[in-house]
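Chemist: no sequence on hand, only this structure:
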């Protein structure tokens with residue numbers, strides 16, 4: 001038996017021992033349950049973000065303001081998160097258990113965050129994000 005064969009057998013034995021470890025299995029099960037619970041709490045807010053009139057109005061307003069500034073605003077859905085990019089600025093709208101959270105970035109660095117009310121003005125959010133102070 002060569003050294004590599006022996007090493008491979010040892011690794012397989014360690015993996016199978018780890019898979020059968022009840023403590024590891026319990027931790028993995030608890031983690032899956034916690035992830036599922038968090039996803040269920042975020043679900044109504046994620047659905048509201050994806051299908052609300054606020055979101056479509058926000059995209060329209062961002063494109064309008066960006067056009068005036070000669071800036072292309074690109075939007076991307078990453079799972080439940082809506083990401084808007086305009087040159088060096090980025091806005092990410094993420095659903096949380098408490099509601100929608102807006103994270104602001106400039107040059108890749110976080111500069112702030114705020115809660116978003118989907119019943120509020122999408123134009124105000126677009127102006128706050130895109131227009132210079």
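Modeler: Thanks, I have it. No experiment lies behind these values; they were computed from the predicted model shown. Residues are numbered from 1 along each chain as shown.
Chemist: so what touches the lowest-mean-pLDDT helix or strand in the chain?
Modeler: The helix or strand of the chain with the poorest confidence is helix 3-19; it has a mean of 77 (mean pLDDT, DSSP states H and E). Identification of contacts with helix 3-19 by CB atoms under 8 Å, 6 or more residues apart in numbering yields 24, 25. In this view, the C-beta of every residue, glycine as well, is placed from N, C-alpha and C.
Chemist: list the buried residues of stretch 40-47.
Modeler: 42, 45, 46 (16 or more other CB atoms under 10 Å).
Chemist: what is the subsequent helix or strand relative to the least confident helix or strand of the chain?
Modeler: Sequence order places helix 22-51 as the next helix or strand after helix 3-19, per DSSP states H and E.
Chemist: so how far is the next helix or strand after that following helix off the chain centroid?
Modeler: Sequence order places helix 53-68 as the next helix or strand after helix 22-51, per DSSP H and E. Its chain's average C-alpha position is 20 Å from that of helix 53-68, according to CA atoms, centre = their mean, to the nearest Å.
Chemist: in helix 53-68, which residues are buried?
Modeler: Here helix 53-68 shows 54, 55, 58, 59, 61, 62, 63, 65, 66 as buried, counting by 16+ other CB under 10 Å.
Chemist: that one to helix 22-51, inter-axis angle?
Modeler: Interaxial angle, helix 53-68 versus helix 22-51 (axes from the mean of the first three to the mean of the last three CA atoms, to 10 degrees): 70 degrees.
Chemist: dump the buried residues of helix 53-68 to CSV, plus distance to residue 86 and pLDDT.
Modeler: Output for the buried residues of helix 53-68, formatted as CSV (distance: CB to CB, whole Å; pLDDT from 0 to 100):
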residue, distance to residue 86, pLDDT
54, 19, 95
55, 17, 95
58, 13, 95
59, 12, 95
61, 12, 95
62, 7, 94
63, 10, 94
65, 9, 94
66, 6, 93
